[in-house]
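> Give me coordinates for this.
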Amino acid sequence: MIRLLTILLCSSLLGSHVSGLVFAETPLQAKIQRSANRGIEFLKNRGQAADGSFSGETGVAVTALCVNAILQHRPQAINDPGIQKALAYIESKFQGDGGIYATGSMYRNYETSVAVGALVQANREGRYDSPLKRAEMFLKGIQWDEGEGIETSDPSYGGAGYGKHKRPDLSNTSFLIDALRDLGNDEEDESLQKALQFVVRSQNLAHQGNDTPHADQVNDGGFYYTPAAGGESQAGAAEGGGLRSYGSMTYAGLKSMIYAGLSKDDPRVMAAMDFIAKNYSLDSNPGMGQAGLYYYYHTFAKALDAAQVEVLDDASGTPHPWREELTDHLISEQQADGSWVNKKSERWMEGDRQLVTAYTLLALAYCRD
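You can find the predicted model right below:
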């Protein structure tokens, strides 16, 4: 009762209305919205092709990320002609097996997973209920598990991959987990728990579910790309053996563990947070330099938001209110035309302004206080 009265009083003082609990914007939210508006205008006016796609050579992936990003900041844009054209483009990639991807794509899990995020945001009056249910069945069907003849002892078990490589990876597995969560699955979902087994095997942490040969060679609590098929880290091998942890995969691992139900006092979560504290950076993707920098920012923001972290103390004890810091950094990197682009590394398509602008808009959405 006291809480409700407080809400009513605050609402009255702020000049807002309680129906829908709409309150005045904070300075941080206003700053984010101004920057986001510029990014959205770039996508609408300069980033979209005549067929409704954004960077259509990627299949449905970048289009879906852009739709999701725009609707995160402007839910009312659902009826804008540009959004409707983009949704029609996504719909043109609905496949008979339930997946959402370009015909012949080698990135079926990735395309379908990010398309799910967009369609969940765009779903009104059940418009996408059926294709979303079919997409869920598709994603669970291509997960590496018993259906592919994989036993639980196999390092590939529970993971998801692009399809062009004969092994799953943590990046795709985190996209799968995001999609399953977007679709309403909670931590008790069987597929999420299978995915968790793959995730913990991707962590440099011994005796906590990682039974791979790499578990205790680095042991810094961070994550690498994949434990499957002998293991691989995009950051390379560590001196003396093992696979080097790096920033973007550690945030992906942290987020995935939380979504799969691990608590903040779980040793695996605590170890990931320790790595993050020791390697806090907005200037680079720790372990990778400038490569994958905006993917890193997006995953950084989504993971810390999921972990309900507001202030992060780094290795020296310096506190970082990460929402404000990341917001200010991203705004400082915004281009004159409203877009963002990785000028220092085009690896993983980060020379593509549509993709990088979508990553940034999504990151900014998680920076809202």
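> how close does the residue nearest the centre of the chain get to Asp186?
Nearest to the geometric centre of the chain sits Thr299, at 5.0 Å (CA atoms, centre = their mean). Remark: distance between Thr299 and Asp186 (CB to CB, to the nearest Å) = 21 Å. Every C-beta, even on glycine, is put in place using the N, C-alpha and C of the backbone.
> Gly149 now?
Counting by CB to CB - Gly149 and Asp186 are separated by 28 Å.
> before we move on, what about Val356?
Plainly put, Val356 is 32 Å away from Asp186 if you go by CB to CB.
> At which residues are the strands of the stretch 201-350 of the chain located?
Along the stretch 201-350 of the chain, counting by DSSP state E, counting those that start in this stretch, strands occupy 311-313, 319-321.
> got those strands as JSON lines, with distance to Lys85, mean pLDDT and mean neighbour count columns?
Compiled in JSON lines, the strands of the stretch 201-350 of the chain are given as follows (distance: least, CB to CB, whole Å; pLDDT from 0 to 100; neighbours: other CB atoms under 10 Å):
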{"stretch": "strand 311-313", "distance to Lys85": "40", "mean pLDDT": "96", "mean neighbour count": "13"}
{"stretch": "strand 319-321", "distance to Lys85": "39", "mean pLDDT": "98", "mean neighbour count": "14"}
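> so which of these comes closest to Lys278?
strand 311-313 (10.5 Å; CB to CB).
> Who does the closest one pair with, and is each partner parallel or antiparallel?
strand 319-321 (antiparallel) (DSSP bridges).
> got any ranges where this structure has weak pLDDT?
Residues of the chain meeting the criterion pLDDT under 70: 1-23, 164-165.
> hmm, try it at 90
In the predicted model of the chain, residues 1-25, 148, 162-166, 207-209, 213-216, 239-241, 369 satisfy pLDDT under 90.
> Looking at Gly149 and Asp186, which has the bigger crowd around it?
Asp186 (11 against 8; other CB atoms under 10 Å).
> And the helices in the stretch 151-300 of the chain?
170-182, 190-200, 247-259, 267-278, 293-306 (DSSP state H, counting those that start in this stretch).
> The nearest residue to Gln197 once chain neighbours are set aside: neighbouring residues, count only.
Closest residue in space to Gln197, ignoring its immediate chain neighbours: Gly158 at 4.3 Å, by CB to CB, 6 or more residues apart in numbering. Number of residues near Gly158 (other CB under 10 Å) recorded here: 26.
> Kindly report the same for Ile78.
Other residues near Ile78 come to 17 when the count uses other CB under 10 Å.
> again, but for the one 10 residues further on
Counted with other CB under 10 Å, the burial measure for Ala88 works out to 12 neighbours.
> Check which helix or strand it maps to.
Following DSSP states H and E, one finds Ala88 within helix 81-91.
> centre of the chain versus that helix, how much separation?
Using CA atoms, centre = their mean, to the nearest Å, the mean C-alpha position of helix 81-91 is found 22 Å from that of the whole chain.
> That one packs against which elements?
helix 61-73, helix 108-122 (3 or more CB pairs under 8 Å, 6 or more residues apart in numbering; DSSP states H and E).
> how big is the angle separating the shortest one from helix 293-306?
Going back to what we said before, that points to helix 61-73. Angle of helix 61-73 versus helix 293-306, following axes from the mean of the first three to the mean of the last three CA atoms, to 10 degrees, is 40 degrees.
> With the last one instead?
Helix 108-122 runs at 60 degrees relative to helix 293-306, counting by the same axes, to 10 degrees.
> Pretty sure Asn185 sits against Leu192.
Yes. Counting by CB atoms under 8 Å, Asn185 touches Leu192, with 5.8 Å between them.
> Neighbour count: the two, which is higher?
For Asn185 versus Leu192, neighbours defined as other CB under 10 Å are more numerous around Leu192 (22 against 18).
> ok, the more buried one - contacts?
Ile177, Leu180, Arg181, Asn185, Asp186, Tyr259, Ala260, Gly261 (CB atoms under 8 Å, 6 or more residues apart in numbering).
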